[in-house]
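sequence and predicted structure below; questions after.
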Amino acid sequence: MGVSRLPIKIYTVDVSPKEDVKGDICLYVVDNGEYLTLVEAGPSNGYIRFLNWLEENGFKTDDIKYVLLTHIHLDHGGASGYIARDNSGVTIYVHPKGYPHLIDPSKLWRASLDTIGYVAEVYGEPIPVPKENLVTPEDNEIIDIGEDRFKILYTPGHASHHMSIYLEGERILFTGDSLGLYHGGTVIPTSPKPHNVPKSIESIMKMRSLQPRKLGFTHFGMSDDAVKMIEKYEIVYRKWVKVVEEGYKMGKDITEIYRELKAEDLYINIQERFFRSRGYGEEEVLFSLYGIYSYFEWMDMKSREGS
Ligand SMILES: [Zn+2]
């Protein structure tokens, strides 16, 4: 008999911020038998739900050793300050570009209100995280949890400070928003402004090259057939980019582009059913299309400045 290895347990915890809504936002809890590692902190307004989950499963906030944030947007990193408030010994990993916004979230909060409006209110306002609780990993940094190890991968595109997190032994890739939204077996981009198209594509390639077994989406849940799902995402993403770029060059406005894409992309219709069931609407897809659109506007501006 070899050395016995404790099985790692992985839980998907629903931290959707609206009380009566399920399946909007999740975080992952990895239990190595000794302590917990969280992937994502969830939104501020999902924190009570998370505390209830901990209690129901016989855990305490003090059992959390690490929190690995894919990025600082309110639905992913929002509750970080609450976790640090309730467990002063926790270590939270955040991309160096995200770090200042966890220490002082006021600018992030105002920017969120400006860009996503009432959805920011739904997620809730973050509170500051003490510096002592924060660590800024480098690309490819390893976090050893004894029974397995996490690898940090910089995956910019959705945000310049986005990281995906790979649990190597289990071959589970936690994707944050870098491979879009996963609902009803379909994937579509989530690409609000500021979005970077070539960086997104590079990140997709980087993630595919890992050949993961499963994907852990923050929106929402775990998917098998990871490589196939990444390939599916790449096709959808490239199609969106193509339609938006053509529309932009022809001077079409964003709602026209949206209607065109929706007419030929059935995933949008499937996902919009999920959005509506959670009390959101077509603005989700419009925000994402506008993010891609703005990328082309930005490229145009840069080339005009350069000439
Ligand atoms: Zn998100």
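Perfect, thanks for sending it.

any stretches of the stretch 201-307 of the chain with poor pLDDT?
Filtered on pLDDT under 70, the stretch 201-307 of the chain yields the residue ranges 307.

pretty sure Gly216 is in a strand, no?
Yes: residue state for Gly216 (DSSP: H, G, I helix; E, B strand; the rest coil) corresponds to a strand.

what bridges to it?
As for beta bridges, Gly216 partners with Phe174, Met222 under DSSP bridges.

what's the answer for Tyr154, then?
Met163.

what are the ranges of the strands in this structure?
With strands called from DSSP state E, the chain shows them at 9-14, 26-31, 36-39, 64-68, 91-93, 134-135, 142-144, 149-154, 163-167, 172-176, 181-183, 186-188, 214-217, 221-223.

what's the most buried one of those?
strand 172-176 (a mean of 28; mean count of other CB atoms under 10 Å). All C-beta atoms are positioned from the backbone trio N, CA, C, and that covers glycine.

now that one against strand 149-154, angle please.
Angle between the axes of strand 172-176 and strand 149-154 is 40 degrees (criterion: axes from the mean of the first three to the mean of the last three CA atoms, to 10 degrees).

quick one: closest of the strands of the chain to the ion.
Taking CB to the ion, strand 172-176 is the member of the strands of the chain nearest to the ion, at 7.0 Å.

what lies in contact with that closest one?
Under the contact criterion CB atoms under 8 Å, 6 or more residues apart in numbering, strand 172-176 has outside partners 10, 28, 39-40, 68, 70-71, 76, 155, 158, 162-167, 207, 210, 212-218, 222, 226.

how about the residues of the chain near the ion?
By CB under 5 Å from the ion, the residues of the chain that approach the ion are 75, 177.

in the chain, which residue is closest to the centre?
Geometric centre of the chain, nearest residue: Gly176, 2.5 Å, by CA atoms, centre = their mean.

so for that one, what's the nearest residue that isn't a sequence neighbour?
Thr70 (2.7 Å; CB to CB, 6 or more residues apart in numbering).

and that neighbour, how close does it get to Gly89?
22 Å (CB to CB, to the nearest Å).

likewise for Glu202?
Taking CB to CB as the measure, Glu202 falls 36 Å from Gly89.

out of the two, which sits in the more crowded spot?
Glu202 (14 against 11; other CB atoms under 10 Å).

my guess is that one meets Tyr154, correct?
No: the pair Glu202 / Tyr154 is not scored as a contact, 10.1 Å apart, by CB atoms under 8 Å.

turn the strands of the chain into CSV, columns for distance to Pro105.
Formatted as CSV, the strands of the chain follow (distance: least, CB to CB, whole Å):
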stretch, distance to Pro105
strand 9-14, 22
strand 26-31, 18
strand 36-39, 18
strand 64-68, 15
strand 91-93, 13
strand 134-135, 12
strand 142-144, 24
strand 149-154, 22
strand 163-167, 18
strand 172-176, 18
strand 181-183, 24
strand 186-188, 28
strand 214-217, 24
strand 221-223, 27
